[in-house]
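[1] turn this into a structure:
(one chain, ligands or ions: 2)
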Amino acid sequence: MAYEPPLEETYKNLIHISLGESKDNHTSTVEEWDLPLIDLSELDFDRGKCIKEIAEAAREWGFFQVVNHGVSKEVLRSLQCEQMKVFHLPFERKIEENFLKLTANSYRWGNLNATSLRQILWSEALHISLMDISKLDGSLRSNVEAFTTAAADLAQSLAEILAQTLGIESGYFRENCLPNTSYLRMNRYPPCSFASNVFGLMPHTDSSFLTILYQDQVGGFQLMKDGKWLGVKPNPEALIINIGDLFQALSNGVFKSIKHKVVSTPQERLSVAYFYCPSDEAVIQSCTKPALYKKFSFAEYKRQTQIDVQETGGKVGLPRFLL
Ligand SMILES: O=C(O)CCC(=O)C(=O)O
Ligand SMILES: [Fe+2]
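    Ligands and ions are numbered 1, 2, ... in the order given. Sure thing, here's the model as predicted:
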């Protein structure tokens, strides 16, 4: 199909060689779990109990799902339609330098540096800085704006709730996370006939304070819990929230930025992630002493991540900043 990135041709040899050598399968023993599910309408009725549940999930799991989150079904459905339209544009257009008038390299497909089965990424993604949303046209722009506006409110409320439980000063997020400092990533995972042997997205942690994820009903998303990979059952009503590296540092390790990944599926899959991030100059400093991490700016964190990816093929993340 004209819209598919050439994953099959690019990786054919690598997959056949690797599958011949090893019968290793990423998902054979993965259990499916319901993440802690938090009804945010409870904040109006039993606020204390609801805040406790949120903080407990952030500590124990680093992940939770929320319902009655304030992002309407219509907004989520329209965004998914836009996403489908964008990814179904001809591949030749998607790789154009100024695709959708965004900055170069906003569109990624696969992992062109893959030299082993484990490094293959069976996915394509569009990474959009909120600063660039005004460059988009028509219904894509209005639907992305509707989603990011609602997601920004949700992210700020959750971040403030979590910060409050640690005694972090209430204005911290309003001062550091400005309306256009966050990022949006639309992911598409093409159908894969080698399915669970190939990653859609490699195990990673997010570099955000927190991430809001909306996934369709296909499945394939997994997270690390107590040393084991767990599959997360899709819930059409829920958004998945996860703690990112910045919140782990700010909370001095109390809230956990947990590794997660996507395994390929025989069916096409879509997801969208909103990364709640501060400005480049924002300083992230552990809120209690003794501090586990050095104080760093978000720009430093991103720069170090880029260097590590270039030099080691992967992100090292917070361990780089341990004291
Ligand atoms: O597609 C997914 O469900 C996960 C996406 C993700 O983890 C990311 O974009 O960082
Ligand atoms: Fe992620």
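
[2] okay, the residue in the stretch 201-323 of the chain that ligand 1 sits nearest to and residue 213: tell me how far apart.
    In the stretch 201-323 of the chain, the residue that lies nearest ligand 1 is residue 271 (3.3 Å; C-beta to the nearest ligand atom). Heads up, the C-betas are built off the backbone N, CA and C, glycines and all. Distance check for residue 271 against residue 213: by C-beta to C-beta, to the nearest Å, it reads 6 Å.

[3] and those two? Which one has more around it.
    Taking neighbours as other C-beta atoms under 10 Å, residue 271 and residue 213 compare with residue 271 leading, 25 against 22.

[4] tell me the backbone dihedrals of the more buried one, please.
    Dihedral pair for residue 271: phi -150, psi 160, per degrees, to the nearest 10.

[5] residue contacts, it?
    Taking C-beta atoms under 8 Å, 6 or more residues apart in numbering, we find residue 271 in contact with 186, 187, 189, 213, 214, 215, 216, 221, 262.

[6] element containing the closest residue to ligand 1 within the stretch 1-150 of the chain, please.
    Of all residues in the stretch 1-150 of the chain, the one sitting closest to ligand 1 is residue 125 (6.9 Å; C-beta to the nearest ligand atom). Following DSSP states H and E, one finds residue 125 within strand 124-129.

[7] got the residues of the stretch 151-300 of the chain near ligand 1?
    185, 187, 201, 206, 213, 215, 221, 260, 262, 271, 273 (C-beta under 6 Å from any ligand atom).

[8] make TSV from those and add pLDDT to it.
    TSV is the format used below for those (pLDDT from 0 to 100):
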residue	pLDDT
185	98
187	98
201	95
206	98
213	98
215	96
221	95
260	97
262	96
271	98
273	98
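
[9] which SS state does residue 184 fall under?
    Using DSSP: H, G, I helix; E, B strand; the rest coil, the secondary structure recorded for residue 184 is strand.

[10] can you pull up the bridge partners for it?
    Taking DSSP bridges as the rule, residue 184 bridges to residue 128, residue 274.

[11] can you tell me which residues contact it?
    By C-beta under 8 Å, 6+ apart, residue 184 lies in contact with 127, 128, 130, 144, 147, 148, 272, 273, 274, 275.

[12] give me the buried subset of the residues you listed.
    In these, burial by neighbour count holds for 127, 128, 130, 144, 147, 148, 272, 273, 274, 275, counting by 16 or more other C-beta atoms under 10 Å.

[13] quick check: the two most widely separated of those?
    The two members of the buried ones among the contacts of residue 184 with the most space between them (C-beta to C-beta) are 127 and 147, at 15.1 Å.

[14] quick one: mean pLDDT over stretch 95-105.
    Average pLDDT, stretch 95-105: 93.

[15] cool, stretch 296-312 as well?
    What stretch 296-312 shows for mean pLDDT is 94.

[16] contact partners of that stretch?
    Here stretch 296-312 has contacts from 207, 245-246, 249, 277-284, 314-317, 320-321, using C-beta under 8 Å, 6+ apart.

[17] list the contacts for the residue of the stretch 1-150 of the chain closest to ligand 1?
    By C-beta under 8 Å, 6+ apart, the neighbours of residue 125 are 107, 108, 109, 185, 186, 187, 188.

[18] look up how far residue 127 lies from the fifth one.
    Residue 186 sits 8 Å away from residue 127 when distances are taken as C-beta to C-beta.

[19] tell me how far stretch 270-283 is from the chain's mean position?
    Offset of stretch 270-283 from its chain centre (C-alpha atoms, centre = their mean, to the nearest Å): 9 Å.

[20] please read the previous query as pertaining to stretch 45-57.
    Distance, centroid of stretch 45-57 to centroid of chain: 24 Å (C-alpha atoms, centre = their mean).

[21] with that, I have no additional questions.
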